[in-house]
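Chemist: Quick one, what's the 3D model for this:
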Amino acid sequence: MAVKRVRYYFYLRDVLVLSVTAFGGPQAFLAMVLDIMVRKRGYLSENDLMELNALCQVLPGPTSTQTISAIGYRIGGPNLAYLSLFVWILPATLLMILAAVLIDFLQENTAGSLDFAKFIQPMAIGFIIFAAQKTIRIMIQTKEAMVLMMLSAFVAFFYNSPFVFPLMLAIGGLSTSLKYNKQPKVNDKAILNVKWANFILWAGVLIGAAVLGHFTRLLPIRLFENFYRNGSLIFGGGQVLVPYLYTEFVEFKNYLTSEEFLTGYAISQGLPGPTFSISTYIGALSMREFGLSGKILGGFIAAAGIFLPGTFLIFFVIRFWDGLKKYRPVRAALEGINAVSCGMLLAAAYLLFEPLDANTFNILAIVATYALLQFTKLSSPLIIALGIVAGISYNWVIALI
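Modeler: Sure, this is the predicted structure:
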């Protein structure tokens, strides 16, 4: 695969532009990368970009972030890849830490501090439903996948432990890998030249963080392990990450309230850059007991934990993917993994709605948000801004009355 060697500065400048202008999720991100890095700069060909993006989609972790890292790796090796990762995630990370600090300050110093989020909390459910529809339309193509999706949604409804999700993904992938004979054969023999260094790095950090967190019980180490584990298991993008994080940090560990989580998720939908930035907000609030420095540290720990495993894995797999994808069981397993991810996305909409009052106001806010996303060209940031303005205006009117 031929690529253009470039100076780090120019490539990183383009990555920074993307990080502050890429609204709209992975689809909009890919279109912008195609325009800037392929057509304008010529860093790589369109076919090269599509191949890298497809590879990132079948790996756990944030697809957009992995794609940026993979392009950097192709152009300038590991050093540029890690710099690309840092530049790409930094603006969203800083903004979500700021959001967490602001939310915590309002709750400590004002009465009814999240009243401005009266609209955007149910609006977050509308974003999830819209994302679920788009994801299901792409990923669910067979009756078997539909059944797997419904079964996984049912399990996630009633057994929403964070330890159940990875087991469901494994079972889903195994079940469809058994149908490998339906996959088209590849004539040439697959030759795998596997270099294990990055896999060992990924697994070593995963195991090391778990062991260290267990014995030290230090919150920063446990937080890093929590996010690193989630970043190692998420297939399907930032929307699929939501049920994992909600279950673990709201229901299981009670680090955040449902109200705080929904507010943060809605805010993250209005920001450019990686959709996994919601993790930064959760990490910051999880360490609020240590003051401002704790919130800042928690945000950066969460960012490192959620983004590093996907980067390690793309570095590992990119070296032998051409050979691996020729094995039919590997390609067949992706159907089950994607179906289970869609099921968990359906469950997320229910789990996030459950703590809200099932009143006319919340239902109308959800329906209106979905309708705006589905039937208008309004951007996500504008919709979120409208929700915040509506919440502030509503509270002002109530106060006058």
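Chemist: what's the single longest helix in this protein?
Modeler: helix 63-109 (DSSP state H).
Chemist: Give the next helix or strand downstream of that one.
Modeler: Later in the chain than helix 63-109, the nearest helix or strand by DSSP states H and E is helix 120-139.
Chemist: So for the very next helix or strand once past that following helix, what gets flagged as buried?
Modeler: Note on helix 120-139: by DSSP H and E, the next helix or strand toward the C-terminus is helix 143-158. By 16 or more other Cβ atoms under 10 Å, the buried positions in helix 143-158 come out as Glu144, Ala145, Leu148, Met149, Leu151, Ser152, Ala153, Val155, Ala156. Every C-beta, even on glycine, is put in place using the N, C-alpha and C of the backbone.
Chemist: for Ala368, helix, strand, or coil?
Modeler: helix (DSSP: H, G, I helix; E, B strand; the rest coil).
Chemist: Skipping adjacent residues, who's closest to it in space?
Modeler: Using Cβ to Cβ, 6 or more residues apart in numbering and skipping the chain neighbours, the partner closest in space to Ala368 is Gly126 (7.3 Å).
Chemist: Verify the contact between that neighbour and Ile363 for me.
Modeler: No: using Cβ atoms under 8 Å as the test, Gly126 is too far from Ile363 to be in contact (10.2 Å).
Chemist: pLDDT wise, what is Gly238 at?
Modeler: Looking at Gly238, its pLDDT is 63.
Chemist: Same question for Gly270.
Modeler: For Gly270, the predicted pLDDT is 73.
Chemist: ok, the nearest residue to it once chain neighbours are set aside - contacts?
Modeler: Nearest-residue entry for Gly270: Ile384, 3.5 Å, with adjacent residues in sequence omitted and distances by Cβ to Cβ, 6+ apart. Counting by Cβ atoms under 8 Å, 6 or more residues apart in numbering, Ile384 touches Ile120, Met123, Ala266, Ile267, Gln269, Gly270.
Chemist: for Ala145, what are its contacts?
Modeler: Met139, Thr176, Glu335, Gly336, Asn338, Ala339.
Chemist: Dump those residues into CSV; add distance to Asn198 as well.
Modeler: As requested, the contacts of Ala145 are exported to CSV (distance: Cβ to Cβ, whole Å):
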residue, distance to Asn198
Met139, 27
Thr176, 27
Glu335, 26
Gly336, 25
Asn338, 24
Ala339, 28
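Chemist: can you tell me which two in these are farthest apart?
Modeler: Across these, no pair lies farther apart than Met139 and Thr176, at 11.9 Å, counting by Cβ to Cβ.
Chemist: The two: who's more crowded?
Modeler: Neighbour count, other Cβ atoms under 10 Å: between Met139 and Thr176, Thr176 has more, with 24 against 20.
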